[in-house]
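1. Sequence and predicted structure below; questions after.
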Amino acid sequence: MEKQHYGDNLRIAKYLASQNIGSRREIEKFIQQKRIKVNGTTINSPITFVSDQDNIQFDNRLVEHQDKITILKFHKPIKYITSHKRQNNKPIIFDIIDSKYRNYKTAGRLDYFSEGLLILSSDGEVSRNLELPKNKFKRVYEVTISGLLNEKNLANISKGGIIQNQKYKPFSYQIIYEQKKTTKLKLTLEEGKNREIRNIMSYLKLNISKLKRIEYGPFKLNSLKSKALEVANEKEIEQYYSHIKK
């Protein structure tokens with residue numbers, strides 16, 4: 001594949017992902033569809049390098065360079081899908097998020113019946129870095145379960161194991177309280193496989209009545225109210241960048 005140079009900074013897909021045009025895969029499709037121009041020329045190769053000095057157009061509209069990356073924290077309520085696209089007529093989180101953030105990328109999906117911390121960013125690389133297993137960003141959840149908890153079984157599966165042909169890494173847990181047939185746990189995971197906690201609790205024959213993420217890497221939900229959105233604080237952002245540089 002021929003390499004095209006229009007600058008010397010970033011590949012076109014990575015640059016446009018940082019400008020919130022789409023994911024890298026989406027941008028590669030846009031290139032195949034001949035929807036991207038650099039300095040007036042339609043490009044046909046994803047191996048194209050650009051800088052913020054280049055004139056880049058997507059669907060004949062100028063992509064205005066954004067230096068500042070915005071990272072937001074959102075408290076997702078239950079019964080909303082973490083998606084930009086509607087599925088089975090169910091409400092999506094972007095129905096209740098200010099329209100100016102509609103193109104922001106999310107990190108760490110929460111399922112329909114889960115709530116808590118979601119990270120949104122103007123830069124697709126932030127979401128990618130948070131989700132990459134090699135970066136080992138911890139996810140912390142509060143889990144309320146009904147049924148009799150056998151702590152020995154929980155301790156065994158917390159060492160890692162295979163459930164329904166899916167391998168899960170070790171996780172840590174803390175029992176916050178036990179009341180009759182209700183138990184509240186704090187679980188800390190290093191990966192966020194689809195429905196991981198629900199599959200683990202199902203394996204232990206426990207029903208989840210509430211599943212809430214309270215931390216994702218350096219980002220914390222704290223007292224952010226349901227459906228509320230706020231900019232991540234400087235300390236959280238600094239810790240995020242320090243972590244990915246390790």
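-> Okay, I see it.

2. domain ranges for the chain?
-> Per automatic domain parsing, the domain ranges recorded for the chain read 4-62, 71-134+218-244, 138-216.

3. And what about Asn129, helix, strand or coil?
-> With DSSP: H, G, I helix; E, B strand; the rest coil as the basis, the three-state label of Asn129 is helix.

4. and stretch 149-157, how far out from the chain's middle?
-> Distance of stretch 149-157 from its chain centroid, counting by Cα atoms, centre = their mean, to the nearest Å, is 29 Å.

5. Name the next helix or strand following the helix or strand of the chain with the lowest mean pLDDT along the chain.
-> When each helix and strand of the chain is scored by mean pLDDT, DSSP states H and E, strand 4-5 comes last, with a mean of 45. Following strand 4-5 in sequence order, the next helix or strand is strand 10-11 (DSSP states H and E).

6. what lines up beside that next one in the sheet?
-> Applying DSSP bridges to the sheet, strand 10-11 is found paired with strand 48-50 (antiparallel).

7. Using JSON lines, lay out the domains of the chain together with mean neighbour count.
-> Bear in mind the C-beta positions are built from the backbone N, C-alpha and C, glycine included. Converted to JSON lines, the domains of the chain look like this (neighbours: other Cβ atoms under 10 Å):
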{"stretch": "domain 4-62", "mean neighbour count": "16"}
{"stretch": "domain 71-134+218-244", "mean neighbour count": "16"}
{"stretch": "domain 138-216", "mean neighbour count": "15"}
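
8. quick check: longest strand of this protein.
-> The residue-count maximum for a strand in the chain (DSSP state E) belongs to strand 207-216.

9. List the strands paired with the helix or strand that it is followed by, with their directions.
-> Next helix or strand after strand 207-216 toward the C-terminus (DSSP H and E): strand 219-220. Applying DSSP bridges to the sheet, strand 219-220 is found paired with strand 207-216 (antiparallel).

10. Just the C-alpha atoms of the strand it pairs with, please, in PDB.
-> Written as PDB, here are the backbone C-alpha positions of strand 207-216 (Å, rounded to 0.1, in the frame of the first residue of the first chain):
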ATOM      1  CA  ASN A 207     -29.200 -12.300  41.900                       C
ATOM      2  CA  ILE A 208     -28.000  -8.800  41.400                       C
ATOM      3  CA  SER A 209     -30.500  -6.100  42.500                       C
ATOM      4  CA  LYS A 210     -28.200  -3.200  41.900                       C
ATOM      5  CA  LEU A 211     -24.900  -2.800  39.900                       C
ATOM      6  CA  LYS A 212     -23.200   0.500  40.100                       C
ATOM      7  CA  ARG A 213     -19.800   1.600  38.800                       C
ATOM      8  CA  ILE A 214     -18.200   4.100  41.200                       C
ATOM      9  CA  GLU A 215     -14.600   4.400  39.700                       C
ATOM     10  CA  TYR A 216     -12.900   3.900  36.400                       C
END
